[in-house]
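> Test case, fold it:
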Amino acid sequence: MKNTAFAKHTQPALVHALQVQALAQACWDEDGQPLRLLQSWARAGVDWDDIYLQGVAPAAQLLGAWWAADRMDFAAVSIASTRLQQTLYDLSPTFLAQARAANNGLNALLFCNPGAQHSMGVFMLGEFFRKSGWRVSGLPLQSHASAVRCVQSDWFDVLGLSVSTSRCMDALGSLVRKLRAASANPDLKIMVGGPMVAVNRGLMLSLGADFIGGDARESQRLAMQYVKKDPRSDAEYSPRATTIDTGIRTPMLTTSTRRAAESKPYT
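Numbering: from 1, shown residues only. Okay, here's the model as predicted:
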């Protein structure tokens, strides 16, 4: 007979919608304690990966949704998003305590499109890469020329670009071509992600990238697979079959969805 009590005890704890709302509210409230809240989830048995992916990322999205619905003004959502990102900075030693002991020899360059107001998504992505042994470099993209100089002067196996607006697609497509041509690594793999992926995956592939990332954990796995240097890439790091499926049901780019996607404060 199945031991249901044991099965219930060993089932991983998950983050639920009400907890996500509580986290977003804690970042908004002046006396909120988002760091203590996340630590309490960990003490309750939620894995840190799940806290980041099921709690922090959706909370950032919720703040953006509250702004789009006029529940918060821009100043308030910026302050709340900054507090949430600072919480991730504070948690970095705890999150990386589970990191692989040895560097895997792979280098990643991660940055946002020009004009992005926040970089929390890229920071979180970098944490998952670091946890798996990557050396990660971040780049505040002040100009396309600075990005080109960066890939010329150092070796990167993967370049990750987070796109939060559709206004600069032509320029980004040109940048991707310049980065490939200038890269010290002739086999540089380019990954794109960010809020615009949810709006139009086909548009992301039109930039000339090698692949589209998923969440932070899946993006790291895909990157490992594409560079094909780690022996685990044929097993636990293999991508899902539908990862680059441009036929995935894509929502219509209405005025409201464009506003929400292009103005999310967490990218």
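
> in the particular helix or strand that has residue 25 in it, what's buried?
Under the criterion of DSSP states H and E, residue 25 resides in helix 17-28. By 16 or more other CB atoms under 10 Å, the buried positions in helix 17-28 come out as 19-20, 22-28. Quick note: C-beta positions are derived from backbone N, CA and C, even for glycine.

> Go through the residues you listed and say which is closest to residue 119.
Distance to residue 119 across the buried residues of helix 17-28 (CB to CB) is lowest for residue 27, with 16.2 Å.

> Kindly provide the distance from the closest one to residue 182.
The gap separating residue 27 from residue 182 is 39 Å, by CB to CB, to the nearest Å.

> and the helix or strand hosting residue 150, which residues are buried?
Per DSSP H and E: residue 150 is located in helix 144-153. In terms of neighbour count (16+ other CB under 10 Å), helix 144-153 has its buried residues at 147-148, 150-151.

> could you check the angle helix 144-153 makes with the helix or strand following that helix?
Sequence-wise, the next helix or strand downstream of helix 144-153 (DSSP H and E) is strand 158-162. Our comparison of strand 158-162 with helix 144-153, counting by axes from the mean of the first three to the mean of the last three CA atoms, to 10 degrees, yields an angle of 160 degrees.

> that older thread, lowest-confidence one in the buried residues of helix 144-153?
Lowest pLDDT of the buried residues of helix 144-153: residue 147, 86.

> pretty sure that one is touching residue 179, no?
Yes. Assessed by CB atoms under 8 Å, residue 147 is found in contact with residue 179 at 6.4 Å.

> just to revisit the earlier point, kindly export the very next helix or strand once past the helix holding residue 25 (C-alpha atoms) in PDB.
Counting by DSSP H and E, the element after helix 17-28 in chain order, helix or strand, is helix 34-43. Output in PDB follows, covering the C-alpha atoms of helix 34-43 (Å, rounded to 0.1, in the frame of the first residue of the first chain):
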ATOM      1  CA  PRO A  34      11.300  41.000   1.400                       C
ATOM      2  CA  LEU A  35      14.600  39.400   2.500                       C
ATOM      3  CA  ARG A  36      13.100  37.900   5.600                       C
ATOM      4  CA  LEU A  37      10.100  36.700   3.700                       C
ATOM      5  CA  LEU A  38      12.200  34.800   1.200                       C
ATOM      6  CA  GLN A  39      14.300  33.400   4.000                       C
ATOM      7  CA  SER A  40      11.100  32.100   5.700                       C
ATOM      8  CA  TRP A  41      10.200  30.300   2.500                       C
ATOM      9  CA  ALA A  42      13.600  28.600   2.500                       C
ATOM     10  CA  ARG A  43      13.200  27.500   6.100                       C
END
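
> Flag every buried residue along helix 34-43.
For helix 34-43, burial by neighbour count (16+ other CB under 10 Å) applies to 34-35, 37-39, 41-42.

> and if you look at stretch 67-87?
If you call a residue buried by 16+ other CB under 10 Å, then stretch 67-87 has these buried ones: 67-68, 72, 77-78, 80-81, 83-85, 87.

> Dump those into TSV; add pLDDT, distance to residue 175 and secondary structure as well.
Below are the buried residues of stretch 67-87 laid out as TSV (pLDDT from 0 to 100; distance: CB to CB, whole Å; DSSP: H, G, I helix; E, B strand; the rest coil):
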residue	pLDDT	distance to residue 175	secondary structure
67	91	28	helix
68	90	28	helix
72	91	33	coil
77	92	28	helix
78	91	27	helix
80	95	31	helix
81	93	26	helix
83	95	32	helix
84	96	29	helix
85	94	25	helix
87	96	31	helix
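
> what's the span of stretch 41-56, first residue to last?
12 Å (CA to CA, to the nearest Å).

> shaky segments in the stretch 1-150 of the chain?
Residue ranges of the stretch 1-150 of the chain with pLDDT under 70: 1-13, 100-102, 114-118, 139-142.

> One more pass at 80, please.
Scanning the stretch 1-150 of the chain for pLDDT under 80 picks out the ranges 1-13, 98, 100-103, 113-119, 139-143.

> Could I get the full set of strands for the stretch 51-200 of the chain?
Taking DSSP state E, counting those that start in this stretch to define them, one finds strands in the stretch 51-200 of the chain at 107-112, 135-139, 158-162, 189-193.
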